[in-house]
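**Student:** Predicted model follows, preceded by the sequence.
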Amino acid sequence: MTKPRTRSQLLRNSYSATSLPSKLALSHLAAPSQKSQTLTTSKRARKPWRKLLWVHQEYPDNWVDASFLDKLQRNANVVAYDFWPLVGDSTVLTSHLASVIVFVCAFVGIYDDAASPLTVVGVSTALTVLGYLYWTWQTVQSARPTQESTVRTTEHTRPETIKSAVLIVLTILGLSPILNSLTLSSDSDSIWTIALYLFLANIAFLDYSLPKSTYSMGNAATHNLSYSGTLSTNAAIMASVVLASRLRESFSVFALILFAVEWFALFPIFRRFLRLTSFRASLALTVVLVLGACVTLAWCVSTRLAALWISMVIFITFGCPLWLISLQKYKNEIHGPWDIAKPVLKDAIL
């Protein structure tokens, strides 16, 4: 038989029973706050991520931070092209293509006895002399009154230029009988193929660029333009020698090779000079060359090739610039701090 509980024991037991759930609830409420405090302390203790490979950091190797693409640059160096400047730049290519076609048509005319070699070399020499006179006149007229050295240099180089021209003419005249029999043992089909590849090399390796500096009035350096199309010039001269070896007369060989020297060695430099001094004059010369190539093709070869030539000129001059502009929307150039650093070198005299 158990003893009856006293009133104090009953009150003590009831207080402990009622306080137990409250203690559990308080413990559960206190647990998340303690966890958050531990997380915040751990985050505060964690150093921010830096884009450095040589520093040991508390992040995995494949960690991608939210600030990784903050300095991303898209198409920062892309230049937006305009239509008409591209059309003007395309005339450099069309003028040279037209000059190649004119030369080939001149050879076909001499080869088929449809054109006189004296007429060809006479017209080309006259145009070369006129171009040289315009060159010297433009240089003297553009010189400032205080720059007398430019005028003196131009007047001093005239006798040397004439001596060099006479020497080149006499050399070609002396080599003409030898070049006439250069490829007698070769088939004509092989000669046409070699000439075709050489002209393609001439077109491919021609220097179509222009100096960054514009034409400065009275600048003597402009009179002596730098031209880096040596490989292209050599290929064209070799093609002309190969073609001239198929002609029957030595004078025809002399006329064609002299025409090639004037057309492929001197004329590109004059076109470069004309483009720097006057864009309108260069554009007018391009139009004359394109029309001349069209007329000579229709006269020497066929009208179909002339129509094909005009179509190709329209495509190069107007179609290719539109094509290039339409492709600019696909340009996606990405730059950022992850790119290889470019060293900045100070100008030093070695």
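**Tutor:** That came in fine, so what should we check first? Note that the structure is a prediction, hence the values are computed from the model and not measured. Residues are numbered from 1 along each chain as shown.

**Student:** Report the next helix or strand after the lowest-mean-pLDDT helix or strand in the chain in sequence order.
**Tutor:** Ranking every helix and strand in the chain by mean pLDDT, DSSP states H and E puts helix 220-223 at the bottom, with a mean of 43. Next helix or strand after helix 220-223 toward the C-terminus (DSSP states H and E): helix 230-244.

**Student:** Give me the residues contacting that following helix.
**Tutor:** 100, 103, 107, 179-180, 182-183, 191, 194-195, 198-199, 201-207, 252-253, 256-257, 259-261, 263-265, 268 (C-beta atoms under 8 Å, 6 or more residues apart in numbering). Glycine gets a C-beta too; all of them are placed from N, C-alpha and C.

**Student:** let's go with 7 Å and repeat that
**Tutor:** By C-beta atoms under 7 Å, 6 or more residues apart in numbering, the residues outside helix 230-244 that reach it are 107, 179, 183, 191, 194-195, 198-199, 201-202, 205-206, 253, 256-257, 260-261, 264-265.

**Student:** Strands of the stretch 1-150 of the chain, start to end?
**Tutor:** 73-74 (DSSP state E, counting those that start in this stretch).

**Student:** For the residue most central in space within the chain, what are phi and psi?
**Tutor:** Nearest residue to the geometric centre of the chain (C-alpha atoms, centre = their mean): residue 209, 7.3 Å. Main-chain dihedrals, residue 209, degrees, to the nearest 10: phi -80, psi 170.

**Student:** Would you mind extracting the C-alpha trace of stretch 191-201 into PDB?
**Tutor:** C-alpha atoms of stretch 191-201 as PDB (Å, rounded to 0.1, in the frame of the first residue of the first chain):
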ATOM      1  CA  ILE A 191      53.300  28.200-121.700                       C
ATOM      2  CA  TRP A 192      49.700  29.400-121.300                       C
ATOM      3  CA  THR A 193      49.400  27.400-118.000                       C
ATOM      4  CA  ILE A 194      52.700  28.900-116.600                       C
ATOM      5  CA  ALA A 195      51.600  32.400-117.600                       C
ATOM      6  CA  LEU A 196      48.200  31.900-116.000                       C
ATOM      7  CA  TYR A 197      49.800  30.800-112.700                       C
ATOM      8  CA  LEU A 198      52.200  33.700-112.800                       C
ATOM      9  CA  PHE A 199      49.500  36.200-113.300                       C
ATOM     10  CA  LEU A 200      47.500  34.700-110.500                       C
ATOM     11  CA  ALA A 201      50.600  35.100-108.300                       C
END
